[in-house]
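Visitor: have a look at this prediction, sequence included:
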Amino acid sequence: VTNRKVKIGITCYPSHGGSGVVATELGKLLAERGHQIHFITYDMPFRLGQFHQNIRYHSVEANRYAVFKFPPYDLALASRMAQVAKLNELDLLHVHYAVPHAVAAVLAKQMVGDHLKVVTTLHGTDITVLGEDPSLKDIICFGLNHSDAVTAVSHSLVKQTEEMFCMNNKIDMIYNFVDLRVFYPRDVTDIRLQYGQKDEKILLHISNFRPVKRVKDVIRIFDRVQREVPARLLLVGEGPEWSKVCSLVEELDLTSKVIFLGKQDEVAQLVSLADLILLPSATESFGMVALEAMACGVPTIGSNTGGIPEVVEHGETGFLAEVGDIEAMAAYAVKLLQDERLYQSFSKQGLNRVQEKFCGLKIADQYEQLYHRVIGR
Ligand code: GMT
């Protein structure tokens with residue numbers, strides 16, 4: 001074990017999304033431990049929050065010269081990474097999401113020298129969706145095999161990556177984490193009353209409304225639940241499926257019971273408001289929302305796919321059913337909402353599980369060990 005402080009460049013998608021959240025929260029935790037963190041992104045990561053003396057931000061601007069049909073963002077990123085690395089004598093670049101970040105980091109390493117190490121963290125769709133695309137598959141493979149270490153956020157994602165790519169080295173599995181100073185069961189009695197009557201249960205779904213999230217299933221599950229239990233549904237986020245979801249809400253005559261909250265940066269309070277989280281995704285490498293909810297004592301009803309069963313223990317901290325099985329998910333939700341003792345035990349088991357497996361301090365230790373291993377080579 002070494003106490004050496006590390007200078008790290010972090011690149012992620014700064015917009016709303018699990019990979020950006022994990023990258024930003026990790027950067028903040030590492031900065032608190034005295035490491036020097038440099039975010040290199042096209043925009044300020046949305047969860048960055050307050051000023052911290054060990055965190056700096058470097059923006060990436062793609063040239064928009066008229067000759068270019070596509071601004072060369074990937075080259076601008078690689079060039080900026082190299083520049084920041086040289087100026088600040090970075091030890092490593094830690095990139096989240098393979099495309100194009102891993103390849104840009106490998107290019108930057110070639111520009112700066114072998115002493116600059118590259119750690120790539122895979123988050124899911126960079127492998128499960130983009131890895132299938134013939135125009136990207138080979139270059140993703142190149143980026144991964146030229147990284148000094150590759151990590152993935154669940155065993156399921158490690159397995160999928162190894163099945164799809166011929167990896168030179170072992171992938172390190174490091175789970176996502178949650179900051180327990182932010183996500184904990186909060187007393188939100190007053191705010192709750194703004195969203196529904198005292199006897200109404202609150203179901204919550206948070207996502208980017210991409211087809212993979214199956215938000216229409218959320219509505220159909222809720223429709224069945226509210227026939228049995230007085231309830232409201234809060235929807236947080238926006239995205240491509242939004243208008244279809246609105247139409248379905250109208251069609252099912254649920255407009256008075258479904259509240260669209262749009263994009264929200266701070267979700268800790270909202271999560272605490274909920275009695276249940278709905279996560280019926282088609283695929284999910286991890287499922288950050290389920291973890292954040294568990295840390296607030298809120299169980300998840302979701303699909304048994306990808307990394308979700310590694311986060312939510314079926315029958316212990318939530319219930320999982322096959323993708324698309326809205327009847328089963330609705331029945332599970334009703335069961336949990338009608339059985340206070342069962343609900344309390346799920347909630348308590350969830351809080352223990354987060355402490356044991358997904359606490360930020362433990363996960364930051366694992367990344368620190370990985371950095372020291374890579375730098376020591
Ligand atoms: O799920 C999304 O649409 C966003 C995506 C991202 O890249 O931010 O999320 C992926 O990474 C998250 C953090 O590791 C995981 O919690 C999500 O499960 C994963 N999404 C998918 O695999 C679909």
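Guide: Yep, it's here.

Visitor: could you report the pLDDT at V1?
Guide: Looking at V1, its pLDDT is 51.

Visitor: what comes up buried for stretch 362-376?
Guide: By 16 or more other C-beta atoms under 10 Å, the buried positions in stretch 362-376 come out as I363, A364, Y367, E368, L370, Y371, V374, I375. C-beta coordinates here come from the backbone N, C-alpha and C atoms, glycine included.

Visitor: and which of the residues you listed is nearest the ligand?
Guide: Among these, I363 lies closest to the ligand (C-beta to the nearest ligand atom), at 11.8 Å.

Visitor: part of a helix, is that closest one?
Guide: Yes: under the criterion used here (DSSP: H, G, I helix; E, B strand; the rest coil), I363 sits inside a helix.

Visitor: find the residue closest to it in space, skipping its chain neighbours.
Guide: Distance criterion C-beta to C-beta, 6 or more residues apart in numbering; nearest residue to I363, sequence neighbours excluded, is F177 at 3.7 Å.

Visitor: hmm, that neighbour is touching A364, no?
Guide: Yes: counting by C-beta atoms under 8 Å, A364 is a contact partner of F177 at 7.4 Å.

Visitor: redo the buried residues of stretch 362-376 as JSON lines? Include distance to N168, secondary structure and pLDDT.
Guide: What follows is the buried residues of stretch 362-376, written out as JSON lines (distance: C-beta to C-beta, whole Å; DSSP: H, G, I helix; E, B strand; the rest coil; pLDDT from 0 to 100):
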{"residue": "I363", "distance to N168": "25", "secondary structure": "helix", "pLDDT": "97"}
{"residue": "A364", "distance to N168": "27", "secondary structure": "helix", "pLDDT": "96"}
{"residue": "Y367", "distance to N168": "21", "secondary structure": "helix", "pLDDT": "98"}
{"residue": "E368", "distance to N168": "24", "secondary structure": "helix", "pLDDT": "97"}
{"residue": "L370", "distance to N168": "17", "secondary structure": "helix", "pLDDT": "97"}
{"residue": "Y371", "distance to N168": "20", "secondary structure": "helix", "pLDDT": "97"}
{"residue": "V374", "distance to N168": "14", "secondary structure": "helix", "pLDDT": "97"}
{"residue": "I375", "distance to N168": "19", "secondary structure": "helix", "pLDDT": "96"}
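
Visitor: what mean pLDDT does stretch 119-135 have?
Guide: Averaging pLDDT along stretch 119-135 yields 89.

Visitor: what comes up buried for it?
Guide: V119, T120, T121, L122, H123, G124, T125, D126, I127, T128, L130, G131.

Visitor: kindly report the same for stretch 298-309.
Guide: V298, P299, T300, I301, G302, S303, T305, G306, G307, I308, P309.

Visitor: and it, C-alpha only, in PDB?
Guide: C-alpha atoms of stretch 298-309 as PDB (Å, rounded to 0.1, in the frame of the first residue of the first chain):
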ATOM      1  CA  VAL A 298     -36.100   2.600  -1.200                       C
ATOM      2  CA  PRO A 299     -36.500  -0.900  -2.900                       C
ATOM      3  CA  THR A 300     -36.500  -1.300  -6.700                       C
ATOM      4  CA  ILE A 301     -38.800  -3.300  -8.900                       C
ATOM      5  CA  GLY A 302     -37.000  -4.000 -12.100                       C
ATOM      6  CA  SER A 303     -35.900  -6.400 -14.800                       C
ATOM      7  CA  ASN A 304     -33.600  -9.400 -14.300                       C
ATOM      8  CA  THR A 305     -31.100  -8.400 -16.900                       C
ATOM      9  CA  GLY A 306     -27.400  -7.400 -17.200                       C
ATOM     10  CA  GLY A 307     -25.900  -6.100 -13.900                       C
ATOM     11  CA  ILE A 308     -29.300  -5.300 -12.200                       C
ATOM     12  CA  PRO A 309     -29.300  -8.600 -10.200                       C
END
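
Visitor: that older thread, so which of the buried residues of stretch 119-135 belong to strands?
Guide: Of the positions in the buried residues of stretch 119-135, V119, T120, T121, L122 sit in strands, assigned by DSSP state E.

Visitor: picking that back up, quick check: neighbours shared by F177 and A364?
Guide: Both F177 and A364 are in contact with L26, where contact means C-beta atoms under 8 Å, 6 or more residues apart in numbering.

Visitor: coming back round to it: which of the buried residues of stretch 298-309 fall within helices?
Guide: Secondary structure from DSSP state H places I308, P309 of these in helices.

Visitor: quick check: the closest residue to V236 other than its chain neighbours vs the ligand, distance?
Guide: The shortest distance from V236 to any residue other than its chain neighbours is 4.2 Å, reached at I206 (C-beta to C-beta, 6+ apart). For I206, the distance to the ligand equals 11 Å [C-beta to the nearest ligand atom, to the nearest Å].

Visitor: before we move on, the earlier item: filter the buried residues of stretch 119-135 down to the ones close to the ligand.
Guide: Contacts with the ligand within the buried residues of stretch 119-135, counted by C-beta under 6 Å from any ligand atom: H123, G124, T125.

Visitor: quick one, what contacts the last one?
Guide: For T125, the contact set (C-beta under 8 Å, 6+ apart) comprises V212, S285.

Visitor: repeat the analysis, applying 10 Å as the threshold.
Guide: G17, G18, S19, Y97, A98, V99, G131, R210, V212, T283, E284, S285 (C-beta atoms under 10 Å, 6 or more residues apart in numbering).

Visitor: again, but for the first one
Guide: If you count contacts by C-beta under 10 Å, 6+ apart, H123 has them with 12-13, 17-20, 22-23, 96-98, 151-154, 157, 176, 285-286, 288.

Visitor: next: the second one.
Guide: Contacts of G124 were listed using C-beta under 10 Å, 6+ apart, and they are 18-19, 97, 130, 152-154, 156-157, 160-161, 212, 283-287, 306-307.

Visitor: also G196?
Guide: I202, P230, A231, R232, L233, L234, K257, I259, L273.

Visitor: so for stretch 48-58, mean pLDDT?
Guide: For stretch 48-58, mean pLDDT rounds to 90.
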